[in-house]
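Undergrad: Sequence and predicted structure below; questions after.
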Amino acid sequence: MAAPVSVASSSLTPPGHHRFLYLLAAVAQAAGPLLTQPFVQRILSPEQWGRVSFAISLISVGLIVILAGLPLIITRTYFEAGIGPKHARSLAGFGILQSAGLGVLAVACAGAVALLSGQFTDQLSVLLALLSVGLLGCIQMCLAVLRAEHRASLFVGITIGAQTLGHLAGLGAVTFFSPTAASYLGAFSIIVLITALWSAVAVRPGAPFEFPRVIKSALKTSMPVLPHSIALVLMLQGESFLLTTMHGPALYGKYGAVLPMALGPLAVVLALSNVWDTQVLSQHGKDPHGIVKRTQREGAVVGVALALAGSSAAVFATNILVKSPTVEQFQLARLLPSIAMGYVIFLMSTTQMVAVGKTRLLAVITPLTAGVALLAMSWPASSESLFFVGLVKVSCFAALGAIYLLVARRYGKGLVHARPLLIGLAATAGITAIMLSLPTDFVTGLVTFGLAALLMAGAAAFLFLKRRQSARSAEEKQQSEVT
């Protein structure tokens, strides 16, 4: 096991190859449901598949509530002068206690409601999903320390254990044990439990209440994040509650079948945020060396690339993910990847607000935006218009990102560099509009996927050669100065 790295002995900026490792973690995280979904959807009945789809979405976004922004604060605390790493480990211990406690409370409350309503068996998959949320919360607290210590390889291993292996275990359970949502979630939960124990052993979190002042300061910063987190869950998960409540799990299953086209890009953004957050938080709201500006520019490029890659691959991917897909599902799959750009702007802006300790407005802006989003979603949801439900969702995230960009710039114009992010948002809208105007036949989908892949490969090669040439020029200049 690698020894923990202290701030004094490590760079505040993660090594460049860690982007690849975190992307590998994102690919592994997204690959779990993508690899298993085509098989699970065909094994389970439409109702049972709808329950699995709902549970996967609940797990993905339920973490946002249970974490309440604490992993970001753990990472920020790690880079404080003095005994920052020790404070961060104590905060991680407190976060594990919080996640476990909230997870148990959620299971107890939901279980009591299910028993009183006589639907305990039907809701068993939801209870197991809530248990997994609590365990994954514990894992995220440990990952926050690993991220600050630049222990990316272990980070990737734990992520693969918690996500990819969990979904593969679920597939094995419905194939060889029982074709029910409860079997899938039961096997998933067991793997998550094992991974949670592994992460705790690897990090060795400190005593939860060893530094009361640190806990108090962290809670002061994170408390406004709690209503913000709950509202963010409503924005991410609201359509699932609306569709399931209004029309039952079968209709949501049709929507959830293409939801990986949104969850996949979001997973990539969240994976790269492990590098971005460390770079931004270590600057404490300042940017003397242009690190924050480069990070935000990189985020804009990633958001556009994800929109292009996801939308161009949508028809091809939907034919794999969905049994007998409809035209509406094809178009929804083309639309959903564009959510990543709005989320990038939201992430860059709110991370800077955390960095400077200005989090109070989080408790106001996100709940108001979530309320507007739910009201706007309710109309297309009532008429079973899945595409327009997705359109409202994507539009509201773009609006949320733009609002927080303006708010963060109120605290300092240098906190968020608006130009590249807004250009990225406009480019994403243009790409999505073009893709939606194309036919949905398989040949067109294959051609757009191939052209986009060639374009992105060419752009990546150009950037690589340009960076290599810049490095060579810098090296030659340095040698000439020495001689």
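TA: Sure, I can see it.

Undergrad: Helices of the stretch 351-483 of the chain, start to end?
TA: Secondary structure of the stretch 351-483 of the chain (DSSP state H, counting those that start in this stretch): helices at 362-382, 386-410, 418-436, 442-482.

Undergrad: ugh, wrong one, I meant the stretch 101-250 of the chain
TA: Under DSSP H, counting those that start in this stretch, the stretch 101-250 of the chain gives helices at 124-148, 152-162, 164-176, 181-203, 212-222, 225-247, 249-258.

Undergrad: so what does the helix or strand Pro85 falls within touch, helix or strand wise?
TA: Element membership for Pro85, per DSSP states H and E: helix 84-116. Applying 3 or more Cβ pairs under 8 Å, 6 or more residues apart in numbering; DSSP states H and E, one finds that helix 84-116 makes contact with helix 46-67, helix 70-78, helix 124-148, helix 181-203, helix 212-222. For the C-beta atoms, the positions are set from N, CA and C on the backbone; glycine is no exception.

Undergrad: 6 Å - rerun?
TA: On a contact count with 3 or more Cβ pairs under 6 Å, 6 or more residues apart in numbering; DSSP states H and E, helix 84-116 meets helix 70-78, helix 124-148, helix 212-222.

Undergrad: got the buried residues for the last one?
TA: Meaning helix 212-222. Val214, Ile215, Ser217, Ala218, Leu219, Thr221, Ser222 (16 or more other Cβ atoms under 10 Å).

Undergrad: Need those residues in a markdown table (columns: distance to Phe94).
TA: Putting those into a markdown table (distance: Cβ to Cβ, whole Å) gives the following:
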| residue | distance to Phe94 |
| --- | --- |
| Val214 | 9 |
| Ile215 | 6 |
| Ser217 | 12 |
| Ala218 | 8 |
| Leu219 | 9 |
| Thr221 | 13 |
| Ser222 | 11 |
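
Undergrad: what's the burial count for Arg42?
TA: Arg42: 9 surrounding residues under other Cβ atoms under 10 Å.

Undergrad: Distance of the closest residue to it other than its chain neighbours relative to Pro179?
TA: Nearest in space to Arg42, with sequence neighbours left out and distances taken as Cβ to Cβ, 6 or more residues apart in numbering, is Lys323 at 6.3 Å. In this structure, Lys323 and Pro179 are 15 Å apart, going by Cβ to Cβ, to the nearest Å.

Undergrad: And Leu232, by the same measure?
TA: From Leu232 over to Pro179 the distance is 33 Å, taken as Cβ to Cβ.

Undergrad: between those two, which one's more packed in?
TA: Taking neighbours as other Cβ under 10 Å, Leu232 and Pro179 compare with Leu232 leading, 24 against 16.

Undergrad: Show residues contacting stretch 405-420.
TA: Asp287, Lys293, Gln296, Arg297, Ala300, Ile345, Ser349, Gln352, Met353, Val356, Lys358, Leu361 (Cβ atoms under 6 Å, 6 or more residues apart in numbering).

Undergrad: any idea which element the fourth one lies in?
TA: Taking DSSP H and E as the criterion, the element that holds Arg297 is helix 291-312.

Undergrad: Now the element after that helix, going C-ward?
TA: That would be, after helix 291-312 and using DSSP H and E, helix 314-321.

Undergrad: Show me what the following helix or strand past that following helix is packed against.
TA: Using DSSP H and E, the next helix or strand after helix 314-321 towards the C-terminus is helix 327-335. Packing partners of helix 327-335 (3+ Cβ pairs under 6 Å, 6+ apart): helix 249-258, helix 314-321, helix 386-410.

Undergrad: Show the average pLDDT along the following helix or strand past the first one.
TA: Per DSSP H and E, helix 249-258 leads on to helix 260-281 as the next helix or strand towards the C-terminus. Along helix 260-281, the predicted confidence averages to a pLDDT of 79.

Undergrad: Nearest approach to Phe241 belongs to which of the helices and strands packed on helix 84-116?
TA: Nearest of the helices and strands packed on helix 84-116 to Phe241, taken as Cβ to Cβ: helix 124-148 at 11.8 Å.
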